[in-house]
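Participant: model this:
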Amino acid sequence: MSNTVQGRFGRLFNVLVVTALAACSVSDAAVTLPDPAVDAQAKGTQTAVFAGGCFWGIEAVFEHVKGVTQAVSGYAGGSADTADYRKVSSGTTGHAESVQVTYDPAVVSYGQLLKVFFSVAHNPTELNRQGPDTGTQYRSAIFYGSDDEKRVAQAYIAQLQSAKVFSRPIVTEVSPLKAFYAAEAYHQDYLAHHPDQPYIVYNDLPKIANLKQQFPKLYVER
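Facilitator: Presented below is the predicted three-dimensional model:
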């Protein structure tokens, strides 16, 4: 394991010990949401980019969604010369830890991916943070690659706000995708390689459990 990852876990483990399971687990954050009233009409292989806290958990969730063929951890929102974990961790690059999802819209629609994103992948009411992670690099964001994605994302956020399914306002930003930069190799498939890490156990495994419970028809084992 790299010194960067070791340092991250040293800091996060202390946070977890102090705040205990209730504060760090996302199991209570999952909510049941309505289906999107508006959805995209795409054909052929598509990609979508989402940000919602540490990319390890977001990537792992979408890897268990039927119709998703690949999920890659990376960075979006900043420039190529700052798409580096150490630099992004400073919170000054404009990047958000993000995940690029490749999927078949004939199996799972963009709107259904949004439903998973808002329901079990993260808490969209937390501003510039998720669980124990704080900073703009952990913001909630949808980076759209087309006008259709923008339309569907904005419509679903408005729909959820009107339905008052969350106790606080949704703070998810909807921004154009300028570029996506894959993260370092040691970040890819991190949950699968390190299922016993305290951070993974307390923050990310509950997301997988919630996905399986709330979306049984979309959930697949990997």
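Participant: so who does Ala179 touch?
Facilitator: 76, 80 (Cβ atoms under 8 Å, 6 or more residues apart in numbering). All C-beta atoms are positioned from the backbone trio N, CA, C, and that covers glycine.
Participant: how much space between it and Ala80?
Facilitator: As judged by Cβ to Cβ, to the nearest Å, Ala179 and Ala80 stand 7 Å apart.
Participant: same deal with Ser98?
Facilitator: In this view, Ser98 and Ala80 are 14 Å apart by Cβ to Cβ.
Participant: who's more crowded, those two?
Facilitator: Ser98 (29 against 10; other Cβ atoms under 10 Å).
Participant: so which strand or helix has the more buried one?
Facilitator: Mapping Ser98 onto the secondary structure by DSSP states H and E places it in strand 96-103.
Participant: just the CA coordinates of the helix or strand hosting Glu59, formatted as CSV?
Facilitator: Using DSSP H and E, the secondary-structure element containing Glu59 is helix 55-63. Written as CSV, here are the backbone C-alpha positions of helix 55-63 (Å, rounded to 0.1, in the frame of the first residue of the first chain):
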residue,chain,number,x,y,z
PHE,A,55,-14.6,7.6,-5.1
TRP,A,56,-14.0,4.2,-3.7
GLY,A,57,-17.6,3.8,-2.5
ILE,A,58,-19.2,5.4,-5.6
GLU,A,59,-17.2,3.1,-7.9
ALA,A,60,-18.1,0.0,-5.9
VAL,A,61,-21.9,0.8,-5.9
PHE,A,62,-22.0,1.2,-9.7
GLU,A,63,-19.9,-1.9,-10.2
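Participant: change the start of the numbering to 28 and stick with it
Facilitator: Yes, from this point I'll number from 28; that puts the last item at helix 82-90.
Participant: between strand 123-130 and that helix, find me the angle.
Facilitator: Orientation check (axes from the mean of the first three to the mean of the last three Cα atoms, to 10 degrees): helix 82-90 against strand 123-130 gives 10 degrees.
Participant: list the contacts for the residue nearest the centre of the chain?
Facilitator: Nearest to the mean C-alpha position of the chain, counting by Cα atoms, centre = their mean, stands Ile85 at 3.4 Å. For Ile85, the residues meeting the contact criterion (Cβ under 8 Å, 6+ apart) are 77-79, 98, 100, 124-126, 144, 148-149.
Participant: what about 7 Å?
Facilitator: The contact partners of Ile85, by Cβ atoms under 7 Å, 6 or more residues apart in numbering, come to 77, 79, 126, 148-149.
Participant: show me the two of those residues that sit farthest apart.
Facilitator: Using Cβ to Cβ, the two most remote members of the contacts of Ile85 are Val126 and His149, lying 10.5 Å apart.
Participant: thinking again about what came up before, so which elements touch the helix or strand following the strand holding Ser125?
Facilitator: From strand 123-130 onward toward the C-terminus, using DSSP H and E, the following helix or strand is helix 137-143. Contact partners of helix 137-143 among helices and strands, from 3 or more Cβ pairs under 7 Å, 6 or more residues apart in numbering; DSSP states H and E: helix 174-190.
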